[in-house]
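Student: no FASTA, just this:
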């Protein structure tokens, strides 16, 4: 990030749109043209719909509304329109703290597709102080079965034994198959260099 | 995060396909345990094993829970006791065996290996006493495993020892007649025995090893079988090279789990991590069978022509995948075909498709030898010795480890069932054709000289 950060304004920008070629290019060029410096950017595409989150700093003279309006203009009308939201952050966002390797687990939940599946599983995580770091869901090609895969941080859990006990009871109660395994196992079996 | 298919494959491997770490074995050097009397030696052995391995079981459990991968067996392997107890009498060696059994019980491990001797070139007085003590030692103890290295590519086959060992196997089985001769299941006779090896009954902590080390034996025939089924279900007519590749990649994953668990256990216990034995070790459970893989790879019955070629390919592919996954592969690495411990192999013996002769042929291209085979109790000692000699010859000439773990089941004949329980499984008793026709050969004694290492034909 550029120098003199304190005198600049810090914005978090979210962009949502139908995916097409050139969105990142248009948005980042527009940010640069306003003197914006992008510190962090992530994008995800889900079923051809794109969402992007940007953390950037702008000169003191550029306000939130200006950035939002300028970016909104990029998309045009109808299907190409961009949904843009900009929020000003008082101060500087710190670097994301790294979760200790010991506390990283992968939780998979599988069961029949039904309303409230994600709510139930994420509710279980919240109740057990399991923080979800990354999450995606898939439906079986034949339909009917739903799978949630969550990368979770268990550093807030007082006892893994208790978590496993609760998980077993929860899985039985909801008729789901839940498996909680350490992230290292997945790295060990899928990556070349791990040690 | 990793791709979802990778994550789900790994979850299935552990949850549904019987992936486990078959054995975490701590090797402990006992050379410094020799005392002024056998009692003092026993005391030293007990203290040293407790000191190093006292926390082995709890540590394995902890790591196993953390990673969600079962560790089936926790074991200790020690310096061959013939070296520690050189000069002891048969009865004194039995005292040492009982001490090993007691300490194994105290620290909660499943087995302790190393009631062993190396006699490939000749037999020292101490080794002779230890070998004579084996039948009683294995009867009086539960957890002690014995092994004898009777041949090597460097020295050939010690036929005096082999002649003696046929009788030792028979005596051991007869002493445990009420348990179908189970004592003999705790005795392995080797050619080229590896000196760091986690698998029983042949685990030892040989010469030139660390003070203590963790060695790991992986498993996972079920994982390989399911991977092959998925590959075949794609319906794109894979060739055998495609299937070998699938085995290789799956063996990589299986071995990596063992490497990870082994390293963590070693770290927590503050000892070195030794080797991963890259193995397909079956259990009698359905879906955990090497025999099943052979059938998936194209023979309708195990023992049918083609079985040897298939097991050769399987063995090689497992080693290729496994060695890349581990910093240091070793031990008996390969596909095991222990008959009693593998439901499909046992079934093939029961239905007559798998014979002793075909098993012997298959062991020339896989690990580890004639393993857990039950033969009639009436088989005479020289015939047992000759079976051992045949198997050791395969190892000596081909520069590989081979072994014999054979159980002459007292009072039973070919076709009857012998059941040993638990991971040792059960099997129909194999027919030994041409029994009683080898005593002149065994009677010569002496040594089959070491083989020439060129003109490989």
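Tutor: Looks like it came in fine. If you're wondering where the values come from, they're calculated on a predicted model, not measured in any experiment.
Student: any idea how far the residue in the stretch 301-450 of chain B that chain A sits nearest to is from residue B:267?
Tutor: Closest contact between the stretch 301-450 of chain B and chain A, by Cβ to the nearest Cβ, is at residue B:327 (7.0 Å). All C-beta spots, glycine's among them, are computed from the backbone N, C-alpha and C. From residue B:327 across to residue B:267, the span is 14 Å (Cβ to Cβ, to the nearest Å).
Student: before we move on, back to that, and the residue of the stretch 301-450 of chain B closest to chain A, what pLDDT?
Tutor: Note on residue B:327: pLDDT of 91.
Student: for chain B, what are the nearby residues on chain A?
Tutor: If contact is defined as Cβ under 8 Å from any Cβ of the partner chain, the residues of chain A in contact with chain B are A:106, A:108, A:134, A:136, A:138, A:147, A:149, A:151, A:160-161, A:179-182, A:184-190, A:194-195.
Student: Try it again at 7 Å.
Tutor: Proximity of chain A to chain B, by Cβ under 7 Å from any Cβ of the partner chain, involves residues A:106, A:108, A:134, A:136, A:138, A:149, A:151, A:179, A:181-182, A:184-186, A:188-190, A:195.
Student: Which ones among those map onto helices?
Tutor: Within these, residues falling in helices by DSSP state H are A:184-186, A:188-190.
Student: what's the pLDDT at the residue lying farthest from the centre of chain A?
Tutor: Distance to the chain centre peaks in chain A at residue A:61, reaching 30.3 Å (criterion: Cα atoms, centre = their mean). Looking at residue A:61, its pLDDT is 93.
Student: residues in contact with residue 146?
Tutor: Using chain A. A:111-113, A:117, A:137, A:139 (Cβ atoms under 7 Å, 6 or more residues apart in numbering or on different chains).
Student: Wait, chain B was what I had in mind.
Tutor: If a contact means Cβ under 7 Å, 6+ apart, then residue B:146 has B:115-116, B:134, B:137-138, B:186-187, B:201 as its contacts.
Student: Then it would be within a strand, right?
Tutor: Yes - assigned with DSSP: H, G, I helix; E, B strand; the rest coil, residue B:146 falls within a strand.
Student: for residue B:445, what are its contacts?
Tutor: With Cβ under 7 Å, 6+ apart, residue B:445 has these contacts: B:159-160, B:163.
Student: and the nearest residue to residue A:184 once chain neighbours are set aside, helix, strand or coil?
Tutor: Spatial nearest neighbour of residue A:184, chain neighbours left out: residue B:260 (6.1 Å); criterion: Cβ to Cβ, 6 or more residues apart in numbering or on different chains. With three-state DSSP as the basis, residue B:260 sits in helix.
Student: is it true that residue B:260 touches residue A:189?
Tutor: No - the criterion here is Cβ atoms under 7 Å, and residue B:260 misses it with residue A:189 at 8.7 Å.
Student: ok, back up a step: which of the contacts of residue B:146 sits closest to residue B:127?
Tutor: Of all the contacts of residue B:146, residue B:116 has the smallest distance to residue B:127: 9.2 Å, by Cβ to Cβ.
Student: burial count for the closest one?
Tutor: Residue B:116 has 32 neighbouring residues, counting by other Cβ atoms under 10 Å in any protein chain shown.
Student: Can you tell me which of the contacts of residue A:146 is nearest chain B?
Tutor: Distances from chain B to these, taken by Cβ to the nearest Cβ, are shortest for residue A:137, at 9.1 Å.
Student: could you measure residue B:252 against chain A, distance?
Tutor: Counting by Cβ to the nearest Cβ, to the nearest Å, the gap between residue B:252 and chain A amounts to 8 Å.
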